[in-house]
Structures are given as C-alpha cells and as structure tokens.
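**Student:** Sharing a model that was predicted from the sequence below.
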Amino acid sequence: MQNTCTTVAVPEAEQSRLCPLQAVLSTPRSVESYDQFSRVALSLFRFIGAAYATGASDCWEAAYRFADETPDIADGALLVARAAALVRILRSGRSCELYFMPPSCRRLSKDETELMRLLTVARSRQLGELESVVCQFVGSGKQDATTRAVNALALC
C-alpha cells in the first residue's frame, strides 16, 4: 500500500490523457515548494480546519502555540486570527466544505493548493490577478471579504 502523502511523477505527455480527477491527483503539490511564511500559514489553516471539523478546542490551542513558537513571527495571535478569519469567510462563501490534510502531511489538498495560490498572489501584490483567483475560488458574493482577509493575512 502506498503512503497517501507521497507523490508520483506523471510525464507531461501522459497527463493530457488522464481523466480530470487523475490529472489533479497527479499534480505534485508539496509543502516544500513554499516559503517559511506560507508553510506557517498552511499549518495554521490545517489546525483551524481540524478545529472546525472536530469541534476540539485543542486544535485552536495547537494553532496558537505553533504560531507563538515559530521564529520570526512577531504576533502569533494576530496571525492565527487572520488565518481563522479567512477560513471562516471561505467556509461561509462556498457550497462545500474546505478539505484540509493533517498537519503532518507533506502534500496539499486541492483546497490547500488554492489557499496557497491566494496567499502567494496577495503577497506579490498583484491586485487584478488576486481578484481573478478569488472569484474562481469563492464565486460571487464573498469576493470583497475574501480579498480583504487574504490581504490582511499576507501583510501580517
């Protein structure tokens, strides 16, 4: 049995013949491809997602402890609050739940990949591209709140 957190490389020529689900699943999405800030944000998203999924307050405590113990984070509580605000807005603006991998997993779910894309674009300060990515991710109704939340997180 193969570990669910490993990736399998599929040659580009073969990707075009895969069904859409297989193409998405074969796309390597690894935590290592992001910088330190993005990896911290991803961990926080995962702790927050686990808190919503389980209702366990330990997940919130883990998020705060993780942020407080991470070097170069000046205000861990603010970072957790901004990550939580973004997750909360996204949860209310989508017809389906967000899917988060366990905190220790090295791979990213499709939703996590999109969150990282949102964060990367916000951090690069490309407003037009950010609006486009937000619209693709949340649809109509929550674009402004999502854009404000991801920008606040990116500037934290």
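**Tutor:** In hand now; what should we look at?

**Student:** all contacts plus neighbour counts: C-alpha atoms, from now on.
**Tutor:** Will do.

**Student:** Which other helices and strands does the helix or strand in which residue 61 is found contact?
**Tutor:** According to DSSP states H and E, residue 61 maps onto helix 57-69. Packing partners of helix 57-69 (3 or more CA pairs under 8 Å, 6 or more residues apart in numbering; DSSP states H and E): helix 36-54, helix 76-92.

**Student:** Contacts for the last one, please.
**Tutor:** The contact list for helix 76-92 (CA atoms under 8 Å, 6 or more residues apart in numbering) reads 41, 44-45, 48-49, 63-64, 67-68, 97-98, 138, 142, 145-146, 149-150, 152-153, 156.

**Student:** quick one: which of the helices and strands packed on helix 57-69 is nearest residue 104?
**Tutor:** Taking CA to CA, helix 36-54 is the member of the helices and strands packed on helix 57-69 nearest to residue 104, at 8.5 Å.

**Student:** just checking, what packs against that closest one?
**Tutor:** Looks like helix 36-54 contacts helix 57-69, helix 76-92, helix 110-123 (3+ CA pairs under 8 Å, 6+ apart).

**Student:** how about those helices in JSON lines, adding mean neighbour count?
**Tutor:** Formatted as JSON lines, these follow (neighbours: other CA atoms under 10 Å):
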{"stretch": "helix 57-69", "mean neighbour count": "17"}
{"stretch": "helix 76-92", "mean neighbour count": "19"}
{"stretch": "helix 110-123", "mean neighbour count": "19"}
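
**Student:** Reformat these as TSV; add distance to residue 131 and mean pLDDT.
**Tutor:** Compiled in TSV, the helices and strands packed on helix 36-54 are given as follows (distance: least, CA to CA, whole Å; pLDDT from 0 to 100):
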stretch	distance to residue 131	mean pLDDT
helix 57-69	28	93
helix 76-92	14	92
helix 110-123	9	90
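
**Student:** one step back: show residues contacting the helix holding residue 61.
**Tutor:** Residues from elsewhere that reach helix 57-69 (CA under 8 Å, 6+ apart): 40, 43-44, 47-48, 50-51, 73, 75-77, 79-80.

**Student:** which among these gets closest to residue 127?
**Tutor:** residue 79 (21.4 Å).

**Student:** Distance check, that closest one against residue 132.
**Tutor:** 24 Å (CA to CA, to the nearest Å).

**Student:** Check residue 39 and give its pLDDT.
**Tutor:** What the model reports as pLDDT for residue 39 is 90.
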